[in-house]
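Participant: Fold the stuff below for me.
(one chain, ligands or ions: 1)
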Amino acid sequence: MRGRDVAFAALFAALTAVGAQISIPIGPVPITLQVLVVLLSGLILGARLGFLSQLVYVAMGAVGLPVFANLQGGFAVLYGPTGGYIVAFPIAAFIAGYMAEKTGGKTGMIGGSLVGIAVIYLLGWLRLGLFLGGDFHKALLIGVLPFVPLDIGKAALAALIADRVKKATDLG
Ligand SMILES: O=C(O)CCCC[C@@H]1SC[C@@H]2NC(=O)N[C@@H]21
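Facilitator: Numbering: from 1, shown residues only. A predicted model of the protein is given here:
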């Protein structure tokens, strides 16, 4: 791994921390810009490096840095209501990057992003449901459905931004 790769992974980990603070509280699960940055990390850096950048992000939060939403940090957050989403971020970045690499073009980017988001929802929903004492119906109502329209918009925006960044740089 080159020094440039490490720098990019660190940059996207930091950007995810910023995205976490751009949030709207609507309940136990806030609307945040993390998903946008997670997708961008996979689409721009590729599956492997995108995964690594999100692993760094999760690790920074786990050791106590206030990088999660509402400036939260610490291992306890990963066991809290939003822990499932956070744990899914590296997987989602990998999937978005992998599918974009395999399929190519903006269609591949949007497809990969949507599958990545689905994985975030799946792990987020499971953890939230368990946190709510097994009420997976409520978890769906407060932890998945309200986010779908905006997150589809984030997927489209991520594909647009990644496409432009790749054309304007040598990252493509
Ligand atoms: O506590 C955290 O730092 C994680 C917050 C997770 C928010 C989830 S990610 C998927 C969905 N889309 C959003 O905008 N918010 C939720």
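Participant: all strands for this structure, in order.
Facilitator: Secondary structure of the chain, counting by DSSP state E: strands at 23-24, 31-32.
Participant: Buried deepest among these, which one?
Facilitator: Highest mean neighbour count of these: strand 31-32, a mean of 20 (counted as mean count of other C-beta atoms under 10 Å). C-betas here are computed from N, CA, C, even on glycine.
Participant: Turn the strands of the chain into CSV, columns for mean pLDDT.
Facilitator: Converted to CSV, those look like this (pLDDT from 0 to 100):
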stretch, mean pLDDT
strand 23-24, 96
strand 31-32, 98
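Participant: Residue numbers of the protein in contact with the ligand?
Facilitator: Within the chain, the positions near the ligand by C-beta under 6 Å from any ligand atom are 20, 29-32, 34-35, 68-69, 82, 85-86, 120, 124, 147, 151.
Participant: coming back round to it: want to throw the strands of the chain into CSV with distance to Gly111?
Facilitator: CSV is the format used below for the strands of the chain (distance: least, C-beta to C-beta, whole Å):
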stretch, distance to Gly111
strand 23-24, 27
strand 31-32, 23
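Participant: how about the ones you listed, which one is nearest Ile161?
Facilitator: Closest approach to Ile161 among the strands of the chain (C-beta to C-beta): strand 31-32, 16.9 Å.
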